[in-house]
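**Q** Coordinates only, no sequence provided:
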């Protein structure tokens, strides 16, 4: 999907770095300075990460109902009335899509909605969080976050990163452990290794000469939610960051070479002694040695090895005293589940930004820390809340924030949409066409839902592509298949699809309509929808004597509906 990215594209960073190097070359040999840039001696206190946001916050997990009480208090102070609760069918579809990236099975909708068990939703949430689909779904989400704005040449490597993430979630690693492993990885990441050392991809995907710059920018964006990369060339216009601070952060990666080829993969290679050098802003030929320093002003010991430097950075990024590590994760997850985040865009927190409902995001971040940075605990707390279970609606304008009085509708991500099509029409499989489909629907998960725009190729995929229509049309299944050719195994007949099965086993049109709605939208039709569907099926059958064509029409229309394409 096309969207205006809120993040300076890493390719832009590469272009800037190349321009600076070219200017330095024109100016002649660059003299090296033995001491840091004068501005690096003592960063102004106002340009450092604040540590007082934790003050006064309870140190433990959320108490039952605490999250809703905090949200409701903020709504009451703002004079906003919360919206009504979503229906059971809406909530069921939302939970499945949010936690597993799949639609609920049609056979499961009716029994769960009809169940009178007061614990049915809690039991369902726990079951979904324990599923393998949960691991795959959230691993793909983080792959999309990391690859935002980048199109690596080695397409196998992101797959290894995704598998490593899925394995890590299956092993119930904390978000802190996942971040630590990504920042301290060593060695090579190779294709077809089932995620073995896939953690190395986070740093190894940067192969250009400015790899250290890109690694610093992505570490800050992904794990702290801080967009510091604009300070590469000048003090940040809108935030507190100074140019020297970006280069001090880059210094942590100065002893790690750009990724090197390793067979069909990539490997990380350390060097013993280089230091990062920052060009003078007004005279690019003059370079200053810039030693590593954390964003809170502290400095690690000098002359650490590459591995020790990155370990020190990982300890700082994931430290209990670092509010931004917990808050950035909380903000992303909240935005993914509610449609709008506390800070928008989701990967641009500040600290010079003002979030929606500050009391809620700070308390959620504190609870996330208290729970050992456990992703499942955070997700469980949010999806069990009444705040999460409200109906969806749009704001009065595209810029309006609903303040979580309702959920905000968002398009399904590309992989989730492909999964939903598989649930409705039958498995899509892994093919050239399915990969093209995902690429055309791909967008940065941090993008505001209103900025995720549809395109003509997307419409054409669902309206008339063979990938979709071959699974909608009635399949011809011969009763007497031809004999196998000599020396060759017999060819398996095509599997019956939904229309085949409805014609064979569901002669009643009302039952067929219910089945299609449950498969595609995970709900039964309204009375009005049922009447219109009956009329269409009858008109097609009367006019052409072809019930199959009417069922195909209905299936096609629902797959192309706005409701199917969105998380509601």
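**A** Received, thanks. The model shown is predicted, which means the values in this text are computed figures rather than measured ones.
**Q** Over to the residue in the chain sticking out farthest from the centre: give its phi and psi.
**A** Relative to the centre of the chain, the most outlying C-alpha is that of residue 486, 50.9 Å out, by C-alpha atoms, centre = their mean. When read as degrees, to the nearest 10, the backbone of residue 486 gives phi -60, psi 130.
**Q** Quickly list the domain ranges of this protein.
**A** The record's domain split for the chain, according to automatic domain parsing, is 10-52+135-317, 61-85+322-408, 414-479+495-567.
**Q** that's a strand at residue 261, yeah?
**A** Yes: under DSSP: H, G, I helix; E, B strand; the rest coil, residue 261 sits within a strand.
**Q** Name whatever forms a beta bridge with it.
**A** Here residue 261 sits in beta bridges with residue 266, going by DSSP bridges.
**Q** Quick one: neighbours of it, just the number.
**A** 11 (other C-beta atoms under 10 Å). For the C-beta atoms, the positions are set from N, CA and C on the backbone; glycine is no exception.
**Q** quick one on the thing from earlier: relative to residue 289, how far out is the residue farthest from the centre of the chain?
**A** 76 Å (C-beta to C-beta, to the nearest Å).
**Q** List the contacts of the nearest residue to residue 101 once chain neighbours are set aside.
**A** Counting by C-beta to C-beta, 6 or more residues apart in numbering, residue 137 is the residue found nearest to residue 101 once chain neighbours are left out, at 3.5 Å. Contacts for residue 137 (C-beta atoms under 8 Å, 6 or more residues apart in numbering) come out as 99-102, 415-416.
**Q** now the strands for the stretch 101-250 of the chain?
**A** With strands called from DSSP state E, counting those that start in this stretch, the stretch 101-250 of the chain shows them at 187-189.
**Q** for it, which spans come out with low pLDDT?
**A** Scanning the stretch 101-250 of the chain with the threshold set as pLDDT under 70 gives 149-155, 237.
**Q** again, only this time at 50
**A** Applying pLDDT under 50 to the stretch 101-250 of the chain picks out residues 151-153.
**Q** Show me the helices in it, by range?
**A** Using DSSP state H, counting those that start in this stretch, the helices of the stretch 101-250 of the chain run over residues 106-114, 120-129, 132-146, 156-170, 175-184, 201-204, 211-224, 243-250.
**Q** what's the angle from the helix or strand where residue 516 lies to helix 106-114?
**A** Using DSSP states H and E, residue 516 falls within helix 509-521. If you take axes from the mean of the first three to the mean of the last three C-alpha atoms, to 10 degrees, helix 509-521 sits at 90 degrees to helix 106-114.
**Q** Now the helix or strand immediately after helix 509-521 in the chain: average pLDDT?
**A** Using DSSP H and E, the helix or strand that follows helix 509-521 towards the C-terminus is helix 527-544. The pLDDT scores in helix 527-544 average 92.
**Q** next one: stretch 476-484
**A** Stretch 476-484 shows a mean pLDDT of 75.
**Q** now the end-to-end length of that stretch.
**A** Stretch 476-484 has an end-to-end distance of 18 Å (criterion: C-alpha to C-alpha, to the nearest Å).
**Q** contacts for that stretch?
**A** Applying C-beta under 8 Å, 6+ apart, the external contacts of stretch 476-484 come out as 490-491, 493-494, 496, 500.
**Q** Separate out the buried members of the residues you listed.
**A** Buried members of the contacts of stretch 476-484, scored by 16 or more other C-beta atoms under 10 Å, are 496, 500.
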